[in-house]
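In: need a 3D model of the following:
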Amino acid sequence: SGLQTPNTDIAANVGVISQANFSILAEDLEPSIFPDPDSNTLTFTELEITVNIGDRFNNILTNKQTIYFKTEWGLLQNSSCVTEDGKCSVKWQTGPSNTAPADHKNTITAYAIGEEAFVDANGNNIFDDGDTVFTDNEEPYVDANRNGIYDQGEQIIDVPNGNDPAGNNGVHDIPDTFFNGGGCTHSSLCSTVMPSVYVWDDVQLNMDGPAEAAARQ
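Out: Sure, this is the predicted structure:
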């Protein structure tokens with residue numbers, strides 16, 4: 001009755017989430033929540049927010065991983081989900097109209113424990129002295145103004161990282177300049193403090209809908 005048949009098309013793969021293969025998707029990026037951009041009158045809307053995960057080898061991860069979510073505005077029916085066959089979803093819905101962002105845009109951030117991505121120059125799937133380029137993750141946050149940079153006043157997501165191993169300093173932490181992840185043998189760039197890191201991604205909803213969004217451009 002409540003049981004689901006496993007997806008036998010996906011090979012079992014137990015591993016670690018790579019920043020390179022962590023993505024968040026929304027059921028609709030341009031929901032018509034505020035059909036009149038000059039008014040805060042809204043249409044109640046519920047959307048599915050989905051995260052897909054994979055490892056550094058570009059394989060879907062089938063072991064269970066917990067994904068966490070934060071939203072700039074609106075309500076999350078659950079603040080986390082557990083992946084199955086490399087993905088999981090939560091429901092997001094509209095909040096009170098009088099607290100909506102003035103620009104009628106909303107950012108949702110997803111994050112989970114994983115490892116940083118790197119350019120594998122010598123193709124051995126290990127970050128070693130033959131590699132120099134990697135994504136040095138900053139602490140996740142909710143990018144309310146959608147400029148790709150943490151700005152004072154934006155919602156901090158306080159998690160353990162190389163600059164704050166306890167994850168409770170109450171400030172946004174910048175990258176630690178070391179590779180955080182397994183499979184690291186580099187002589188000088190492997191983190192000795194944090195062998196993992198929070199990987200993350202965000203998605204922006206344009207809540208005026210496609211017609212109004214086009215009219216504003």
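
In: hey, which helix or strand in this structure has the poorest pLDDT?
Out: Taking mean pLDDT, DSSP states H and E as the measure, helix 209-216 is the helix or strand of the chain with the lowest mean score, a mean of 64.

In: hang on, Leu76 packs against Val90?
Out: Yes: between Leu76 and Val90 there is a contact at 5.8 Å, judged by CB atoms under 8 Å. The C-beta positions use only the backbone N, C-alpha and C, and glycine is treated the same way.

In: between those two, which contacts overlap?
Out: Jointly contacting Leu76 and Val90 under the rule CB atoms under 8 Å, 6 or more residues apart in numbering are Phe69.

In: just want to know which of those two has more residues nearby.
Out: Using other CB atoms under 10 Å as the criterion, Leu76 and Val90 rank with Val90 on top: 21 against 17.

In: for the more buried one, what are phi and psi?
Out: Backbone torsions of Val90, given as degrees, to the nearest 10, read phi -130, psi 160.

In: give the contact list for it.
Out: Val90 sits next to Glu48, Ile49, Phe69, Leu76, Gln77, Asn78, Ser79, Ser80, Cys81 when contact means CB under 8 Å, 6+ apart.

In: if we use 10 Å, what do you get?
Out: Counting by CB atoms under 10 Å, 6 or more residues apart in numbering, Val90 touches 47-51, 67-69, 71, 76-81, 108, 110.

In: so where's this protein uncertain?
Out: Low-confidence segments of the chain (pLDDT under 70): 1-10, 211-217.

In: the residue nearest to Ile126 when sequence neighbours are not counted - how many residues pack around it?
Out: Using CB to CB, 6 or more residues apart in numbering and skipping the chain neighbours, the partner closest in space to Ile126 is Gly183 (4.8 Å). Gly183: 18 surrounding residues under other CB under 10 Å.

In: any idea how far Glu84 is from Gly183?
Out: Distance, Gly183 to Glu84, using CB to CB, to the nearest Å: 25 Å.
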